[in-house]
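Asker: heads up, no residue letters with this:
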């Protein structure tokens, strides 16, 4: 794919902020509500924010849509349909657009999945997180391993494309346990897996437990061994990593996530959504009000829920391009970095990182992080950006 092709990618991210319960490791913008959600009112607000955003960024062709959360699979299919209709009304949607929806195994019903398919969803991403019951319970998940695999089977029957997430480097997890779990996952996964190391995020219940010594995660050496197992098993089974935490059969990569990692444009719709839009020749970093009800009132009053709208200067754009692009196995084009930043990457730093085995420069001149470099990616990026 050439840079010219890539420049045309435009994604729309829609955030549904509600969950049945809050997982103890989660620091996403998700909220539990015990009263029923007024989906019709929210659907109208989504449509209004889409209209306002499209007026700022007109004449785009949407290459991907991602309904994330929260738990979007708690939405009625007609709500999903209304949101997709609004996107189609205000932007052109490419005939081969990828339309993904995140789902939790607890909210997967065959009838609902068929409803999402009829509404226009063509790919689902399931938050499985683990394939053994003790781990699921420890992670605060409301489903069993059996329910998770049943949900995967429902997804497989309803959609040509589906993916699921797993979390590893969990308490007491050994490389052999993870190898076995991963092989089972791959046998069920078809084309795509997202595999994340458990991180202890400030402000979550896990953070407090970890600080009090009541939650022990694998030490650095075991965590590294678990990462290595992830790479080896997935590559051997035909799902190599195309991004630091994402694995796919060639051609089955998530088009929407590639929009983020390749530094392309995307609109962020819904409570706490982020966007990157080019308006009058400048890149804007946009974020909306996080609290669902406050977002709703803002949209009803102003047509949008935007609370942050910063113009990124050339250095910020270049740093973001580096930070996101080096997560990809395909790496980055240093010429695009130079065009964004107005300066070339330091050849001396590149030489040192090559000698250390952290990066390579391939035959096409692309700069890529090696498998040995990925576990220290933050340091590599900081070194190159300095």
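Answerer: Thanks, I have it. Since this is a predicted model, take the numbers as computed values, not measurements.

Asker: worst-scoring helix or strand of this protein, pLDDT-wise?
Answerer: helix 3-6 (a mean of 46; mean pLDDT, DSSP states H and E).

Asker: Show me what secondary structure element comes after that one.
Answerer: Per DSSP states H and E, the first helix or strand lying C-terminal to helix 3-6 is strand 10-16.

Asker: which strands and helices sit next to that following strand?
Answerer: Packing contacts for strand 10-16, counted by 3 or more Cβ pairs under 8 Å, 6 or more residues apart in numbering; DSSP states H and E, involve strand 61-69, helix 255-261, strand 265-269. (C-beta placed from N, C-alpha, C; glycine too.)

Asker: Now tabulate the ones you listed in a markdown table and tack on distance to residue 79.
Answerer: Putting these into a markdown table (distance: least, Cβ to Cβ, whole Å) gives the following:
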| stretch | distance to residue 79 |
| --- | --- |
| strand 61-69 | 10 |
| helix 255-261 | 20 |
| strand 265-269 | 13 |
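
Asker: Out of the ones you listed, which gets nearest to residue 45?
Answerer: With Cβ to Cβ, the closest approach to residue 45 among the helices and strands packed on strand 10-16 belongs to strand 265-269: 9.5 Å.

Asker: Residues contacting whichever helix or strand comes after that closest one, please?
Answerer: For strand 265-269, the following helix or strand on the C-terminal side (DSSP H and E) is strand 274-279. Strand 274-279 has contacts (Cβ atoms under 8 Å, 6 or more residues apart in numbering) with 13, 53, 56-57, 263-269, 283-288.

Asker: where's stretch 89-109 relative to the chain centroid, distance-wise?
Answerer: Relative to the chain's own centre, stretch 89-109 is displaced by 14 Å; criterion: Cα atoms, centre = their mean, to the nearest Å.

Asker: can you give me the strands for the stretch 1-150 of the chain?
Answerer: For the stretch 1-150 of the chain, applying DSSP state E, counting those that start in this stretch gives strands covering 10-16, 18-19, 31-32, 61-69, 92-103, 123-129.

Asker: Low-confidence regions, this structure specifically.
Answerer: Along the chain, segments meeting pLDDT under 70 span 1-7, 24-25, 27-28, 107, 200, 205-207, 209-210, 214-215.

Asker: The same query, at a cut-off of 50, please.
Answerer: Within the chain, the segments meeting pLDDT under 50 span 1-6.

Asker: Point to the residue nearest the middle of it.
Answerer: residue 257 (5.7 Å; Cα atoms, centre = their mean).

Asker: got the contact list for that one?
Answerer: Residue 257 sits next to 66, 243, 246 when contact means Cβ under 8 Å, 6+ apart.

Asker: Check residue 11 too.
Answerer: Residue 11 sits next to 62-66, 256, 259-260, 264-267 when contact means Cβ under 8 Å, 6+ apart.

Asker: Neighbour-wise, give me the winner out of these.
Answerer: When neighbours are counted by other Cβ atoms under 10 Å, residue 65 leads those with 29 neighbours.

Asker: wait, it sits on residue 85?
Answerer: No: Residue 65 lies out of contact with residue 85 (Cβ atoms under 8 Å); the separation is 11.6 Å.

Asker: and the gap between the residue nearest to the centre of the chain and residue 330?
Answerer: Between residue 257 and residue 330 the computed distance is 13 Å (Cβ to Cβ, to the nearest Å).

Asker: Likewise for residue 186?
Answerer: Applying Cβ to Cβ, the value for residue 186 to residue 330 is 22 Å.

Asker: before we move on, the earlier item: now the strands of the stretch 1-150 of the chain in a markdown table, with distance to residue 375?
Answerer: Formatted as a markdown table, those follow (distance: least, Cβ to Cβ, whole Å):
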| stretch | distance to residue 375 |
| --- | --- |
| strand 10-16 | 28 |
| strand 18-19 | 31 |
| strand 31-32 | 34 |
| strand 61-69 | 26 |
| strand 92-103 | 27 |
| strand 123-129 | 22 |
